[in-house]
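>>> Could you work out the structure for the sequence below:
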Amino acid sequence: MREKRRTRWRERVDDRLADPIWWNDVLQLFKTVLAAVAAWVIAASVLDLPQPFLAPWSALLVVHATVYRTFSKGMQQVAATVVAVLLATLVGEALGLSTWAVTLLLVVALVLGAVPWLGAEATTIATTGLVVLTTGFDDDAMLVARLLDTAIGVGVGLLVNVLVWPPLRRHTAAKALERVDESIGELLVDMAGGLGDGCQDEDVTGWVDRTRDIDADLDQAWALVRQAEESARMNPRRSARPMRNPEEWHELLRRMEQAVAETRSLARTLGGQRAHRETWGDSFAVPWISMLGDAGRATSSADPAALLDVRRRLVEFTEKLRSTERSPEWPVYGALIINLRNIVDAMDQVAEANPIGGPPLPLRIPQRRA
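Next comes the predicted model:
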């Protein structure tokens, strides 16, 4: 039992170490901490500014998941910080540190949310302004120092995010596509197994629910591909160029959407039947279920040759049925054949493109020698 638990733990850690999504998150955390600490050291130790807290604060605001967002969103947040420092100074000099000063500061900061360019940063203006107001505002030198703190944090954050392995979300997006691909294949294999064993209504309901789960994964994959496209903008890395117009990725996602829709349609067709195998007869059930399972396995393993073979077998099977079969179940046969054909046609190019994201990270826990 202990050995089995240790093996499971090792597999989980190995999967995590080879997961580019996890490594992207780790790298982003490291860069954010590095930028904030570097900004603090420059402001506090090198320049010896009196209250250098705004330097790491600004650095934290600037380091984003992509270089493009670092410049676009980061500049917006920097402007909000500068506005907050100036606003706190003006309010403090006019009203001092009082309840009315805090109230006025918050009202003005939130009203600035009506300005489109600063609207998303109303909270940043309010919180930064509160910190500045409550830590001192009556010294012009302090105002200059705080603006200098902000400039230091901005500069360090930009440099760290651009120069220290600028983020490119290509592998993250590829991993998301791969997971959708595998989920579709696993569902087809499970459906084939369930039909061979004699499925029940709850099995069909479960299959339909799984297609909805895959739809959610597809939505996430679309978001990650868009993020990968954004990460290539203003990115100096050579590998970023193909991602600036990832039309191939968009086409693969559309094909996966088609495959999921066809799989859901197939499951609902099965849900309208009773005693599937007995109703169809072995002359249809055995070969069709076999092709369904083979299509699922080929999809999971990204094997375009195997998918083409299933397509060829399906065409031959259809021609044979057309010349020999006179069953009243022909409408059902036709619906199932068309669903399977469309799934294979949608997934063959997905399989050909695999692995679009390159080989997995070769990281594993070292095996302990006996």
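
>>> Give the buried residues for the helix or strand containing Val204.
When elements are defined using DSSP states H and E, Val204 is found to belong to helix 201-232. Within helix 201-232, the residues that qualify as buried are 203-204, 206-208, 210-211, 214, 217-218, 221-222, 224-225, 227-232, counting by 16 or more other CB atoms under 10 Å. (C-beta placed from N, C-alpha, C; glycine too.)

>>> which of the residues in stretch 333-343 are buried?
Counting neighbours by 16+ other CB under 10 Å, the buried set in stretch 333-343 is Tyr333, Ala335, Leu336, Ile337, Ile338, Asn339, Leu340, Arg341, Asn342, Ile343.

>>> Next: stretch 180-194.
Applying a neighbour-count criterion of 16+ other CB under 10 Å, one finds 180-181, 183-192, 194 buried in stretch 180-194.

>>> picking up where we left off before, any chance of the buried residues of stretch 333-343 in JSON lines, plus distance to Ala43, pLDDT and secondary structure?
Output for the buried residues of stretch 333-343, formatted as JSON lines (distance: CB to CB, whole Å; pLDDT from 0 to 100; DSSP: H, G, I helix; E, B strand; the rest coil):
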{"residue": "Tyr333", "distance to Ala43": "74", "pLDDT": "81", "secondary structure": "helix"}
{"residue": "Ala335", "distance to Ala43": "69", "pLDDT": "85", "secondary structure": "helix"}
{"residue": "Leu336", "distance to Ala43": "68", "pLDDT": "87", "secondary structure": "helix"}
{"residue": "Ile337", "distance to Ala43": "70", "pLDDT": "89", "secondary structure": "helix"}
{"residue": "Ile338", "distance to Ala43": "67", "pLDDT": "91", "secondary structure": "helix"}
{"residue": "Asn339", "distance to Ala43": "63", "pLDDT": "91", "secondary structure": "helix"}
{"residue": "Leu340", "distance to Ala43": "64", "pLDDT": "91", "secondary structure": "helix"}
{"residue": "Arg341", "distance to Ala43": "65", "pLDDT": "92", "secondary structure": "helix"}
{"residue": "Asn342", "distance to Ala43": "61", "pLDDT": "92", "secondary structure": "helix"}
{"residue": "Ile343", "distance to Ala43": "59", "pLDDT": "92", "secondary structure": "helix"}
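
>>> Give the rounded mean pLDDT of the helix holding Val204.
Here helix 201-232 scores 83 as its mean pLDDT.

>>> Check stretch 311-321 too.
Throughout stretch 311-321, pLDDT has a mean value of 88.

>>> Restrict that stretch to CA atoms and write it as PDB.
What follows is the C-alpha trace of stretch 311-321 in PDB, where atoms were taken according to Å, rounded to 0.1, in the frame of the first residue of the first chain:
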ATOM      1  CA  ARG A 311     -12.300   6.900 -42.300                       C
ATOM      2  CA  ARG A 312     -11.500   4.400 -45.100                       C
ATOM      3  CA  ARG A 313     -13.200   1.600 -43.100                       C
ATOM      4  CA  LEU A 314     -16.200   3.700 -42.500                       C
ATOM      5  CA  VAL A 315     -16.600   4.400 -46.300                       C
ATOM      6  CA  GLU A 316     -16.300   0.700 -47.100                       C
ATOM      7  CA  PHE A 317     -18.700  -0.100 -44.400                       C
ATOM      8  CA  THR A 318     -21.200   2.400 -45.700                       C
ATOM      9  CA  GLU A 319     -21.000   1.100 -49.200                       C
ATOM     10  CA  LYS A 320     -21.500  -2.400 -48.000                       C
ATOM     11  CA  LEU A 321     -24.600  -1.500 -45.900                       C
END
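
>>> Can you tell me what sits against it?
Here stretch 311-321 makes contact (CB atoms under 8 Å, 6 or more residues apart in numbering) with Phe284, Pro287, Trp288, Met291, Tyr333, Ile337, Leu340, Arg341, Val344, Asp345, Asp348.
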